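S.K.: Using only what follows, build the 3D model:
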Amino acid sequence: MNAEGVPSGLSGREQILAAAAELFSESGFSGTSTRAIAEKVGIRQQSLYYHFAGKDEILAELLSGSVRPSIDFVESIEARVPGDVSPAGALFALASIDAGTLRATPHNIGTLYLLPELQDDRYEQFRRQRVQLRRIYGRLGSAAAHPDVASSLGESRLGAVLLQLAETVIQLRRDDEDTSGHDDDTIAASCLRVLGLGGAEVETARAEAAAVLAGLAAD
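M.R.: Below you'll find the predicted structure:
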């Protein structure tokens, strides 16, 4: 750690992101300056600009990092559906990874998702990524759901519901709950139960997800 508590083993760019995440969560985005971020890292403000054009770019990177792993995962697995893994298994794996990513983001950066500033054009990429992720949830959810659930909710609404379930971990962290990998599994299972799947179907999907994740880790 440096004098301000930022992990010193990180690269300069990563230290800036970690410091900014902490300050954004504590003081708010509008209440945080690039000078304050630089001071927390222990660098000159000009050195910060070597890595980022400003705090908008820092926030955009933090937000994108909270959704990009889930999108990257789906891009690597969706071609295997339904051959190597069922839609339910793929959805279980996605929800687990999504919840785990949000659980690991520095200083619960997901709490900033509702910032009014995010409607600015500078955050269009992040907004597009969240829409893409919601559509992925909708596709997998619609394919995995029992017919009556799929017909009553529709793909778009299913995607919104499932994404909100995965993001429950943000609120758990905000409430100072001790979140763990067990929460990721519980959230993933809840996603399938919303689709009308029973206990045996959830267990099958959990086993499929574990096999897929193990295979990807070995690649």
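S.K.: going forward, measure contacts between C-alpha atoms and count neighbours the same way
M.R.: Fine.
S.K.: Touching the helix or strand residue 133 falls within from outside, list them.
M.R.: With secondary structure defined by DSSP states H and E, residue 133 is part of helix 124-144. Contacts to helix 124-144, defined as Cα atoms under 8 Å, 6 or more residues apart in numbering, come from residues 60, 63-64, 67-68, 70-71, 74, 86-88, 90-91, 118, 150, 154-160, 162-163, 192, 195.
S.K.: wait, what's in contact with residue 69?
M.R.: 97-98, 101.
S.K.: Now render those residues as TSV, adding pLDDT and distance to residue 32.
M.R.: Listed next are the contacts of residue 69 as TSV, based on pLDDT from 0 to 100; distance: Cα to Cα, whole Å:
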residue	pLDDT	distance to residue 32
97	92	30
98	93	28
101	90	24
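S.K.: Most neighbours among those, which one?
M.R.: Counting by other Cα atoms under 10 Å, residue 98 has the largest number of neighbours within these, with 27 neighbours.
S.K.: Excluding chain neighbours, what is closest to it?
M.R.: With Cα to Cα, 6 or more residues apart in numbering as the measure, residue 70 is the residue that lies nearest to residue 98, at 5.5 Å, once sequence neighbours are left out.
S.K.: Also residue 156?
M.R.: The shortest distance from residue 156 to any residue other than its chain neighbours is 5.6 Å, reached at residue 138 (Cα to Cα, 6+ apart).
S.K.: do residue 191 as well
M.R.: Nearest residue to residue 191 in three dimensions, chain neighbours excluded: residue 162, at 5.9 Å (Cα to Cα, 6+ apart).
S.K.: Repeat that for residue 111.
M.R.: Beyond its immediate neighbours in the sequence, the residue positioned closest to residue 111 (Cα to Cα, 6+ apart) is residue 170, lying 6.5 Å away.
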